[in-house]
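Enquirer: pasting the sequence and the predicted model now:
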Amino acid sequence: MTMKCNVQPGATSGGQYSWYRDEQLIEGEMGQLYTIYSADWEHSGTYRCRFGSGSFPITLYVNTEDLFSVPEINNGHDPVIEGDDMTLTCSTRLHPLRQDTQLLYAFYRDGQKVQEFKTSNEYRVWSTGLEDYGRYKCEVRKSFSTVRKTSAELLINIQDLFSVPKINDKHKSVMEGDNVTLTCTTRLHPLRQDTQLRYAFYRDVQEVQGFGASNTYRVLSARLKGSGKYKCDVRKSFSTVIKTSAELLINIRCENEAEPVSDVNITVSEEREDFIIGENLTLTCIVQKGTSLIFRWLHNDKIVNKDSESFQLQDNASVLYIPSLQSQHAGTYKCNVSNALPSSAVGTIQIPQIMESRQSGLSPTLAIVGVSLLIVLLAGILMFIYRDKIASHFKKRPQTPPNLVSCPMIDNICYATINIKKIEGSSVSPKHDDEHAVLYAVITNSGTTSDSQATPETHDDTADVYQNIKAH
């Protein structure tokens, strides 16, 4: 933007121009024209030009709008898997009145510039690797201008195309002349299962099998010189993505060279909790390391001979078979393994008491509860039976009303005698066999003198009763 200080014709001779903004002198501006480059809101204010003694004010308001919007960085390929091509795009929008403005773009990863300012708003990475992981952003600026804007960061996570390979050898030890097979294993990404991989093998850094589709390396009739540290490489076809396994030491030995024995264990043919008389039992001696093995079994520290009647040695004596368990077979079994070397290793197992029959599995608690319930049941039955017997024993005999006796009256006195005799069948017996008699006398107070016989129903309520017990 350019401002011009106009003066009256003929008044320009012998004078000098000066420019002011908000009454502050703008240093260095002494021409008739004053230009503002890249006008911004900060340039707003009241401008005045002076020529000689004349002053010509002008008020300038600068209303700024964005030349372009804050840029955005985008990844058009998500997820990004190792070996994929990646393109990042930096997008922004120019002001409608400045569509012909030339913009420049730069890209950064983790704060480091990976692409200088260019007219292209794209950043391309061919065959991405794990090293391309990071936080990306882009910056946009106008050519020959200080106007710059930066996008927010975008995290790019590079996923493994395949896992780090492992090299395996199924042989625990290799003797001279053995066939050896090494296998290189890895796992492909679930979204790239159709990817074609290539495998190569090395011994002591020297390539022994170049890249090919097979993940195995075979050595027929191994020789001592084949000993060494082996590893394998895996890569994607037509790609720079390559990964290497850890090293595997292969030590090839002579036939007469023995490997020290270690890690000896004894296993039972089948899991069991009880050992029953008459059943068979198989004990196997397992050795994790060692060659040219010699097995020796001991039962309760006594050597088991191959001609034993109750034991059988099988599979080069690595298996101890008992065809029929007996009580004397209980105890401690040891498998002593050795070879030509002075060291040896021992495995131990304990066989508990040999039982006559297999337990039903009834626990002592359940047995006690069962016996208790049986006792309670029997007690209830006995109480029921005993109650009936008591009731029948103590059942009252039916009583017959006593016969009324006559009572002769003499001088207003009624005399009656009751004889007590032993009843046959009674469980109560008197101390003596004598019979007892009771004499009753009733004296009436009515003053009646009648010779007629009286009965208890005719006696007066006011009569006095006397008794006398006489023993005969």
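Expert: Structure's in. What do you need?

Enquirer: please identify the buried residues of stretch 133-149?
Expert: Going by neighbour count (16 or more other Cβ atoms under 10 Å), the buried part of stretch 133-149 is 134, 136, 137, 138, 139, 140, 141, 142, 149. C-betas here are computed from N, CA, C, even on glycine.

Enquirer: same list (those residues) but as JSON lines, adding pLDDT.
Expert: What follows is those, written out as JSON lines (pLDDT from 0 to 100):
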{"residue": "134", "pLDDT": "94"}
{"residue": "136", "pLDDT": "96"}
{"residue": "137", "pLDDT": "96"}
{"residue": "138", "pLDDT": "96"}
{"residue": "139", "pLDDT": "95"}
{"residue": "140", "pLDDT": "95"}
{"residue": "141", "pLDDT": "91"}
{"residue": "142", "pLDDT": "88"}
{"residue": "149", "pLDDT": "92"}
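
Enquirer: sitting in strands, which of those residues do you find?
Expert: 134, 136, 137, 138, 139, 140, 141, 142, 149 (DSSP state E).

Enquirer: which pair in the buried residues of stretch 133-149 spans the largest distance?
Expert: 134 and 142 (27.5 Å; Cβ to Cβ).

Enquirer: ok, which stretches of the stretch 301-450 of the chain are helices?
Expert: Secondary structure of the stretch 301-450 of the chain (DSSP state H, counting those that start in this stretch): helices at 364-393.

Enquirer: which residues of it fall in strands?
Expert: Assigned by DSSP state E, counting those that start in this stretch, the stretch 301-450 of the chain shows strands spanning 302-303, 312-314, 319-322, 331-338, 344-351, 409-410, 413-420, 436-443.

Enquirer: please name the strands paired to the first one in the sheet, noting orientation.
Expert: Strand pairing for strand 302-303, using DSSP bridges, gives strand 294-299 (antiparallel).

Enquirer: same check, this time on the fifth one
Expert: Looking at strand 344-351 with DSSP bridges, its partner strands are strand 331-338 (antiparallel).

Enquirer: can you check the third one too?
Expert: Each strand pairing with strand 319-322, determined using DSSP bridges, is listed with its direction: strand 281-289 (antiparallel), strand 312-314 (antiparallel).

Enquirer: so what touches the shortest one?
Expert: It refers to strand 312-314. Contact with strand 312-314 is made by 295, 297, 304, 306, 319, 320, 321, 322, 323, as judged by Cβ atoms under 8 Å, 6 or more residues apart in numbering.

Enquirer: what sits against the third one?
Expert: By Cβ under 8 Å, 6+ apart, the contact list for residue 304 reads 297, 298, 311, 313, 320.

Enquirer: turn the contacts of strand 312-314 into TSV, including pLDDT.
Expert: Formatted as TSV, those follow (pLDDT from 0 to 100):
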residue	pLDDT
295	93
297	93
304	93
306	84
319	93
320	92
321	92
322	91
323	91
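
Enquirer: quick one: buried ones out of the residues you listed?
Expert: 295, 297, 304, 319, 320, 322.

Enquirer: so for the closest residue to residue 262 other than its chain neighbours, what pLDDT did the model give?
Expert: Distances taken as Cβ to Cβ, 6 or more residues apart in numbering place residue 289 nearest to residue 262, at 4.6 Å, with adjacent residues excluded. At residue 289, the model reports a pLDDT of 84.

Enquirer: tell me the contacts of residue 164?
Expert: Residue 164 makes contact with 186, 243, 244, 245 under the criterion Cβ under 8 Å, 6+ apart.

Enquirer: swap in 7 Å and give it another go.
Expert: Residue 164 makes contact with 243, 245, according to Cβ atoms under 7 Å, 6 or more residues apart in numbering.

Enquirer: which sections of the chain are below the confidence cut-off?
Expert: By pLDDT under 70, the weakly predicted segments of the chain are 8-15, 38-41, 52-64, 170-172, 255-258, 358-367, 369, 387-472.
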